[in-house]
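**Q** Turn this into a model:
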Amino acid sequence: MKIAIIGAGNMGGAMALGLAAGTQVRPEYITVSDPSADNLEAISRRQPAIVTTADNTACISGADIIILAVKPWLVQTVIDELRPAIDFSSQALASIAGGVGIDQLATMLTGKPATPATPLPCPIIRIVPNTAIALAESMTFVSSRASTPELDNSVVALFSELGQAMLVEERLMNAATALASCGIAYALRYVRAATEGGVELGFRADQAQRIVAQTLRGAAALLDADGSHAEAEIDKVTTPGGLTIRGLNAMEEAGFTASVIRGLRASMPK
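**A** Down below sits the predicted model:
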């Protein structure tokens, strides 16, 4: 499989380097384009086998999947540039541009108003990673139209090497963004709050943050180990009349769960 990535910024660069370090695609089969020589040089320094170019059209030549890793307001411009060079019989178009749905991508590609029933000239894939992709710890969501199960599975396999990836219906993409993309900020806000609490309890701020971060890693590992339910793990540390249940009850009295759910709902587009 050959991959073309348009855009070598934070997300595009991290994606290229992460995929090159994986097993699904060889580094020399990844081509990245960007107008910034500095961005391309940063990739080449870390993985010289990745092909870099300032020419978007040259970048997509021979690629199986074209990934647009550009800001949302640049997607139309880039698609207009690429359209004459896309081989619609053999190439799929993917985008990680935030908030740009498949209907919008289809409209940009065909120049006609699109609906879910609109015939497409090629598979269109929407990809929503989060910023942890830079550490190969992203929670990435994939949805598609005019695709095949084989192509969908290939894309999920690609992004599973950058953390975890899940194929979902596009109607769930906004919810996925709230949970996993906005969710990074929500998790870090808990870290900040718990760190402040740790300082109040007597730790230095750097010590408290280290403790909280490792505690979250441990909590996530418990869930990953055997697919355990969060409540089952909570029950293991909430002995009757114990300290943990007192703390949990105090947090609930302050609206902990309700606040989290309200925040997720507020993250959804109106």
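**Q** So I133 lies in a helix, does it not?
**A** Yes. Counting by DSSP: H, G, I helix; E, B strand; the rest coil, I133 falls inside a helix.
**Q** check contacts around it.
**A** Residues near I133 by C-beta atoms under 8 Å, 6 or more residues apart in numbering: M11, A14, M15, G18, T140, L162, G163. For the C-beta atoms, the positions are set from N, CA and C on the backbone; glycine is no exception.
**Q** Using a markdown table, lay out those residues together with secondary structure, distance to I245 and neighbour count.
**A** Formatted as a markdown table, the contacts of I133 follow (DSSP: H, G, I helix; E, B strand; the rest coil; distance: C-beta to C-beta, whole Å; neighbours: other C-beta atoms under 10 Å):
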| residue | secondary structure | distance to I245 | neighbour count |
| --- | --- | --- | --- |
| M11 | helix | 42 | 24 |
| A14 | helix | 41 | 22 |
| M15 | helix | 43 | 29 |
| G18 | helix | 41 | 21 |
| T140 | strand | 36 | 25 |
| L162 | coil | 38 | 24 |
| G163 | strand | 33 | 18 |
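**Q** what's the closest of these to D80?
**A** Comparing the contacts of I133 against D80 with C-beta to C-beta places M11 closest, at 21.4 Å.
**Q** Around the closest residue to that closest one other than its chain neighbours, how many other residues sit close by?
**A** Distances taken as C-beta to C-beta, 6 or more residues apart in numbering put A69 closest to M11, at 5.3 Å, once the chain neighbours are dropped. A69 has 26 neighbouring residues, counting by other C-beta atoms under 10 Å.
**Q** Roughly how far does D80 sit from L109?
**A** Separation of D80 from L109 (C-beta to C-beta, to the nearest Å): 10 Å.
**Q** So these two - more neighbours on which side?
**A** Under the criterion of other C-beta under 10 Å, the comparison of D80 against L109 puts L109 first, with 21 against 12.
**Q** Next up, the contacts around that one.
**A** By C-beta under 8 Å, 6+ apart, the neighbours of L109 are I79, R83, L93, L120, P121, C122, I124.
**Q** Over to the residue of the chain positioned farthest from its centre: give its phi and psi.
**A** Going by C-alpha atoms, centre = their mean, the residue of the chain most distant from its centre is G241, 41.2 Å out. Here is the backbone geometry of G241 (degrees, to the nearest 10): phi 70, psi 10.
**Q** Show me which residues of stretch 134-148 are buried.
**A** Neighbour-count burial for stretch 134-148 flags A134, S138, M139, T140, F141, V142, S143, S144, R145, A146, S147 (criterion: 16 or more other C-beta atoms under 10 Å).
**Q** how's the chain carved up into domains?
**A** 3-168, 177-266 (automatic domain parsing).
**Q** and these, which is most packed in?
**A** domain 3-168 (a mean of 18; mean count of other C-beta atoms under 10 Å).
**Q** Check the separation of the first and last residues in that domain.
**A** Taking C-alpha to C-alpha, to the nearest Å, the first and last residues of domain 3-168 lie 22 Å apart.
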